[in-house]
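In: have a look; sequence and predicted model below, questions after that.
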Amino acid sequence: MAAARGWPRKLAAVAGALPGGGGPGRAPGPAPDTAAPATAALYVHWPYCRKRCSYCNFNTYVVPAVDEAAVRACLVREAQTLLRLSQVHSVTSVFFGGGTPSLASPSTVAAVLEAVAGAAHLPAGAEVTLEANPSSTSASALDGFRAAGVNRLSIGVQSLDDAELRMLGREHTAAEARNAVEAARGLFPGRTSIDLLFGLPGQSRDAWAQRLEATLRLCDDHISLYQLTLERGTALAAQVRGGALPAPHQDLLADMYQTARKVLVAAGFRHYEVSSFARKGALSTHNLSYWRAEQYIGVGPGAHGRFVLRAEGGCSREARVQTLEPIAWMQEVESQGHGTRSRVVLSPLEQLEELLTLGLRTDEGITHELSLQAVFGEPGEARALQQEGWLVLDSGGLRCTWAGLAVLDSLLPDLLWQLQRVLGAARRPPRGTAGERAGGRARGL
C-alpha cells in the first residue's frame, strides 16, 4: 500500500495529526519516550443476562449461576495487565456495559475501579457509567453502585409500551421502566441516560411520536435512539422473515428518525451524534472518546480496544478483541493475565479511515489538525457532496449537515474512496447512490 512506497507529501501532515500522533513509519500514538502522558478510556464487559431479548445478537450469556468472585478477579487482573501493557497514565472514563452489568454486585464495580485507580490515575470527576436494565435497578442497588463509584447511568428502557416490550422480549414493563428512571434521576440527577428503540415491526409513525412525548415527560438530559436492526439468528428476525411480523419500510424509518430529531431539538436537546441527544451539556464523555478516535482499552469477554502497547516497545496502535466465551476468557486471564484473542496493528490508512468513519458521526465532525483541505478540498467526491448539501468543509473542520448525518452510511464509501485515492491505495468500495441519499434514509444508526 502507499505507506510502503512513501507517503504523498500532502498526506504527511494528515497522518502526523492522528490522535496522539502518527504518520509513515511513526506511531499512531505517542512514542514510548514521549513526554506527554498516555490517556485512554476503559470499557468493562459484563457478559451475563437473565434472559436473551428477541432482537439481541450481542456477546451475552444466560447461565444458571455466575461465579461472580471468579469473574471479578479476572476483570481486575485483566484491567491491571492491559493498563500496564499500555502504560496509560490516566483513565479518562470507565463504562460498564454488557450484557446486564446491573446484575453484578456493587462490590465488583468497586473492585474494578479500585484496580484502575491503582494502576493509573482515575480523576475524581471522571465519568463512570453503568448500563442498567429497569428489572435490576432497585433503589438499594442503585445506591450501592453510586457508593461504589458510578456517577452516570444508562438505562435500557427501549420502549414505554408494554406490547412492544413483550415483542422485544424485555423483562420489564413500562411502569417498571418509569420507576427505574425516576429512581435513577433521584440518585444521579443530570446524569441518567435513556436508550430507546424505533422502527419496531408494526410500529407506526403516530405510535413513535407518542413514545417520544412520553419519554420527554420522563427523561433526564441524555437520550440515545437506536434504529432496530433485525440481526440474523435472532428470534425477532425469524418472526419477520417468516411473515409473523411486518418488516418496517425504509421511508417510515427515515420519517421516524426525522420526527425524533425535530421533537428532541425543540425540547432543548443537542443532536451531537447520529444516535445521541443531550441537553445542559450532558454529553457522554466515554462515547466521545470512541467518536474522536482516542485510545480505549476493552476488558472482559469479547471487549474491543484500540491502544498502543508501550510496555512491549510498541509504537503502533492495535485493534484488540478479547476472547468471547466467558469460561475460556477466564482461563486465559488466569494463565497469562489477559484474554486477548486477536490483535492487529492498524496501518496509518486504517486509522485515518476509522477517524473519518467515527468522527463524521458527530455534529462537530473531524476537528483534528489534519490537512483536510489537501484531501477533501480538491475536486472529487467530497466537493460534490458539499455542493449537494451533505457535507461542510471549512476552517472548523469536516462535518455533515443534518441532512448528511441522516444518510451518513451512504456518504462514507465516496469519502473513503477519495481518502484511499489520495494515498494511492486500494480498490473502490461499494458506494451509496444519490437516489438513496435523496430518499432520506435514516442510515448509520
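Out: It's in. Numbers count the residues shown, from 1 in each chain.

In: for the protein, give me the ranges with low pLDDT.
Out: 1-37, 368-370, 424-445 (pLDDT under 70).

In: strands along that one, start to end?
Out: 39-46, 90-98, 127-132, 152-158, 192-198, 222-227, 270-273, 276-278, 296-299, 304-308, 317-322, 340-345, 391-394, 397-400 (DSSP state E).

In: for the longest helix seen in the chain, buried residues please.
Out: Criterion DSSP state H: the longest helix present in the chain is helix 68-86. Buried positions in helix 68-86, judged by neighbour count with 16 or more other CB atoms under 10 Å: 71-83, 85-86. The C-beta positions use only the backbone N, C-alpha and C, and glycine is treated the same way.

In: how far away is residue 296 from residue 83?
Out: 12 Å (CB to CB, to the nearest Å).

In: now residue 49
Out: Using CB to CB, we find residue 49 at a distance of 27 Å from residue 83.

In: do I have it right that residue 315 meets residue 308?
Out: Yes. With contact defined as CB atoms under 8 Å, residue 315 counts as touching residue 308 (6.8 Å).

In: higher neighbour count, the two?
Out: Per other CB atoms under 10 Å, whichever of residue 315 and residue 308 has more neighbours is residue 308, with 27 against 20.

In: tell me what the more buried one is bridged to.
Out: With DSSP bridges as the criterion, residue 308 is bridged to residue 317.

In: that older thread, so the longest helix of the chain versus strand 90-98, what angle?
Out: For helix 68-86 against strand 90-98, the angle by axes from the mean of the first three to the mean of the last three CA atoms, to 10 degrees is 140 degrees.

In: which elements pack onto helix 68-86?
Out: strand 39-46, helix 106-119, strand 296-299, strand 304-308, helix 326-336 (3 or more CB pairs under 8 Å, 6 or more residues apart in numbering; DSSP states H and E).

In: of all the ones you listed, which one is nearest residue 349?
Out: Judged by CB to CB, the one of the helices and strands packed on helix 68-86 that comes nearest to residue 349 is strand 304-308, at 15.1 Å.

In: which residues are contacting the closest one?
Out: Outside of strand 304-308, the residues within contact range by CB atoms under 8 Å, 6 or more residues apart in numbering are 20, 27-30, 38, 40, 43, 82, 86, 88, 293, 295-298, 314-322, 346, 354.

In: stretch 267-274 now?
Out: Counting by CB under 8 Å, 6+ apart, residues outside stretch 267-274 touching it are 216, 223, 261, 264-265, 277-280, 283, 287, 291, 361-364, 402, 405, 408, 444-445.

In: next: stretch 317-336.
Out: Applying CB under 8 Å, 6+ apart, the set of residues contacting stretch 317-336 is 20, 22, 27-29, 45, 47-48, 59, 61, 70-71, 74, 77-78, 81, 295, 298-309, 338-346, 351.

In: I'd like to know which of those residues are buried.
Out: Buried among the contacts of stretch 317-336 (16+ other CB under 10 Å): 20, 22, 27-29, 45, 47-48, 59, 61, 71, 74, 77-78, 81, 295, 298-303, 305-309, 338-341, 346, 351.

In: show me where the stretch 301-445 of the chain has its helices.
Out: With DSSP state H, counting those that start in this stretch as the criterion, the stretch 301-445 of the chain has helices at 326-336, 348-359, 372-376, 381-387, 402-406, 408-422, 434-438.

In: and the longest one, which residues are buried?
Out: Just to be clear, that refers to helix 408-422. Buried positions in helix 408-422, judged by neighbour count with 16+ other CB under 10 Å: 408-412, 414-420, 422.

In: for it, what is the distance to the chain centroid?
Out: 21 Å (CA atoms, centre = their mean, to the nearest Å).

In: what's that helix packed up against?
Out: When contacts are defined as 3+ CB pairs under 8 Å, 6+ apart, helix 408-422 packs onto helix 348-359, helix 372-376, helix 381-387, helix 434-438.

In: could these go into a markdown table alongside distance to residue 271?
Out: Shown next, in a markdown table, are those (distance: least, CB to CB, whole Å):
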| stretch | distance to residue 271 |
| --- | --- |
| helix 348-359 | 16 |
| helix 372-376 | 22 |
| helix 381-387 | 20 |
| helix 434-438 | 19 |
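
In: can you tell me which of those comes nearest to residue 104?
Out: Between residue 104 and these, the tightest spacing by CB to CB is seen for helix 348-359, at 28.5 Å.

In: who are the packing partners of that closest one?
Out: helix 2-5, helix 9-16, helix 285-291, helix 408-422.

In: so which of the buried residues of helix 408-422 comes closest to residue 179?
Out: residue 408 (35.8 Å).

In: any idea how far that closest one is from residue 367?
Out: Taken as CB to CB, the span from residue 408 to residue 367 is 17 Å.

In: any chance of the strands of the chain in TSV, with distance to residue 184 too?
Out: As requested, the strands of the chain are exported to TSV (distance: least, CB to CB, whole Å):
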stretch	distance to residue 184
strand 39-46	18
strand 90-98	15
strand 127-132	7
strand 152-158	5
strand 192-198	4
strand 222-227	12
strand 270-273	21
strand 276-278	16
strand 296-299	24
strand 304-308	27
strand 317-322	29
strand 340-345	34
strand 391-394	37
strand 397-400	32
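
In: so which of those comes closest to residue 254?
Out: Nearest of the strands of the chain (CB to CB): strand 222-227, 9.7 Å.

In: CA atoms only for the closest one, dumped as CSV, please.
Out: Coordinates of each C-alpha in strand 222-227 appear next as CSV, following Å, rounded to 0.1, in the frame of the first residue of the first chain:
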residue,chain,number,x,y,z
HIS,A,222,-29.5,12.4,27.7
ILE,A,223,-31.3,10.1,25.2
SER,A,224,-29.9,7.5,22.8
LEU,A,225,-32.1,6.5,19.9
TYR,A,226,-31.3,3.3,18.0
GLN,A,227,-33.0,2.0,14.9
